[in-house]
Structures are given as structure tokens and as C-alpha cells.
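Asker: coords below, sequence missing:
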């Protein structure tokens, strides 16, 4: 069997809580963080060939795939849980192992990646706002191009990879 | 371009500390955890076709790939950092998205997966013990087939996917 090279990758992990730095400390100002409660963490990486169609497929998959255990044990989407969504840009996910180092030849150009990342965050935010359980869901997102200082607690990450 | 279906996947994340449950609470006994300090978290999934050769490649990649920032900013392997290694079995990583659910048709049979997982943990442990910085590294591992209750703190996970 063969498969095409992907245009984007996401990693999805379930969490009970998560905290991500979105602005490092500067002079007298403390670092700023976003916090999420139970829900999903979405690591996002765009590769060459990604476009707005890719972004739509990614948002749909991240929000609608049945990965979260509801109280009755059934798997539901994070929207239906309802849970929070923490989006983390993660360009390293585009790497390929070559010898003892990772190479990033297929990663998208940084500016294009940032544009698509913002489109992804916006689309996830809009989708959650249009959902009937919107009051119980929140979407938070990391800042592109920064070090993702991050902590999380989970009762089982149930890590999933989805390629687009 | 085309690529073959992989026999195994690992996800590598840098951490400052991590904690993983290895035995749930039973009656009067509290749950048991393993702890690691700065180093790498390795999520492991075996697919059909994986064998001991695959395990060797995986251990080599997990321990020798230069993903960790040393004090001078240079990337070094977790062995050379020297850092800790926390191995987490993660069968969900073998899933493929089909509609709104993940399917696991290509995952290895559970018993075979457990055998390879143990071989991987043993090989990582032996490799660390044979390394000259052994006293500063420790390998800890989650238990196969259990819910991975887990928490971590990181200054940047720098998530990497490697397929074998």
C-alpha cells in the first residue's frame, strides 16, 4: 500500500486541564498564559501544499471526531462532551528523521504557516460559537513561532495522529 | 511521492518533568506512579509488521536523535543531555480517521504488541545503562493496556513524529 505525503498533521490528546504560555515575561511584566479545562489539546503543523481546504478538513476532524469519553463511557466529539480546545502550533511535527537529526524540508514557509494557523484557530472558534453547547466550550490558542511552555494533566491522553 | 505504511510510530516530546500512573488504586492501596525529570517522553505504538528489527530502530531513534537543547543551545540526544526517558504505550496512535471515528485495523495484536513494547523498554534501559552518562539518566515506562494517567510540564514539547 502507498499513501501520499500529507499537507498537514495534527496530534490530538485528551486532557483534564492544560496551561500554555502565550507571551513570555518582559521586563516588569509577568508571562501570560491561557488555561483550559477538560477537553482536547490540538498540536498543529502545516506542510507544503496546505491551503484553506486543508484547514477546513482539520477543524472538522479536530472538533467532530469522537475521541472523548462521555459520562456513560460512550465516545463523543469534544463539541458534544462539551469540552475545551487548546490549539498549539507545532512546526516540529513536520520533521523527517535523517541520521540523528530531524529535517524540515517539507514544512510550509513560516508566513504562510502563520496565516493558515490563524485561519484554523478562527474556524475552530467560529464552529464552537455556532454549536448548541457553546457556553460550555472554549477555544484557546498558542502564539505562532514562540516556544510553547506548556503543562497538562490527563486521565489518558489517547494520542491520535491525523494527516490531511 | 509515495511512502509505505509504517510498522510502528513514536511521538517524542521534550519535558521538564513528567508523572505517569503505572498501577491504579486498589482497595486500601494508593495508585502507583513513576516520575521523571528533564528529558523526553516517548509515546509508542506498534502496527502490523512490527518486529524486533523495528524495535531496534525505534530505540536508536528515541535515544540518539538530537532533539534536546543543551545549555549552550546546541541540540543533543537525550543520552547526551543527559536526560530521563519516560515511555508510554499508546495504541491509539495507530488509528486512521474514517468519518467521525478512528479505526484501528492496522494495530498489532495486543499480545504481540505487549511483547514488542517490553522489548523496546528493555532495549532502551540497556542502552542507557551502557552509556557513559548512565548515572544521570533514568528510563521509566508505563504499563501496557492500562489507562495512561499522566501529567507533564515542558518549556516547549517540540513534538516529533517518527515512523518505522
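Answerer: Yep, that arrived. Note that this is a predicted model, so its numbers are computed, not measured.
Asker: how near is residue A:69 to residue B:103?
Answerer: Note on residue A:69: its distance to residue B:103, by C-beta to C-beta, to the nearest Å, is 18 Å. For every residue, glycine as well, the C-beta is placed using N, CA and C.
Asker: Tell me which of those two has more neighbours.
Answerer: Counted by other C-beta atoms under 10 Å in any protein chain shown, residue A:69 and residue B:103 do not tie: residue A:69 has more neighbours, with 16 against 12.
Asker: need the contact list for the closest residue to that one other than its chain neighbours.
Answerer: Distances taken as C-beta to C-beta, 6 or more residues apart in numbering or on different chains put residue A:75 closest to residue A:69, at 6.3 Å, once the chain neighbours are dropped. Neighbouring residues of residue A:75 by C-beta atoms under 8 Å, 6 or more residues apart in numbering or on different chains: A:66, A:67, A:68, A:69, B:101.
Asker: If we use 10 Å, what do you get?
Answerer: Contact criterion C-beta atoms under 10 Å, 6 or more residues apart in numbering or on different chains gives A:65, A:66, A:67, A:68, A:69, A:81, A:158, B:100, B:101, B:102 as the residues in contact with residue A:75.
Asker: The last one: what secondary structure?
Answerer: This points to residue B:102. Taking DSSP: H, G, I helix; E, B strand; the rest coil as the rule, one finds residue B:102 in the strand state.
Asker: contacting residues around it?
Answerer: Taking C-beta under 10 Å, 6+ apart as the definition of contact, the neighbours of residue B:102 are A:12, A:65-67, A:75, A:158, A:160-162, B:92, B:94-96.
Asker: Recalculate using a threshold of 7 Å.
Answerer: Under the criterion of C-beta atoms under 7 Å, 6 or more residues apart in numbering or on different chains, the neighbours of residue B:102 are A:65, A:67, A:160, B:95, B:96.
Asker: Give me the buried entries from those residues.
Answerer: Listed as buried from the contacts of residue B:102 are A:65, A:67, A:160, B:95; burial here means 16 or more other C-beta atoms under 10 Å in any protein chain shown.
Asker: What is the neighbour count of the spatially closest residue to the first one that is not a sequence neighbour?
Answerer: This means residue A:65. The shortest distance from residue A:65 to any non-neighbouring residue, by C-beta to C-beta, 6+ apart, is to residue B:100 (5.6 Å). The burial metric for residue B:100, expressed as a neighbour count using other C-beta under 10 Å, is 14.
Asker: For residue B:100, give me its contacts.
Answerer: Each residue near residue B:100 by C-beta under 7 Å, 6+ apart is listed here: A:64, A:65, A:66, A:77.
Asker: Next, the spatially closest residue to the last one that is not a sequence neighbour: phi, psi?
Answerer: What it means is residue A:77. Residue nearest to residue A:77 in three dimensions, not counting chain neighbours: residue A:64, with 4.9 Å by C-beta to C-beta, 6+ apart. Taking degrees, to the nearest 10, you get phi -110, psi -10 for the backbone angles of residue A:64.
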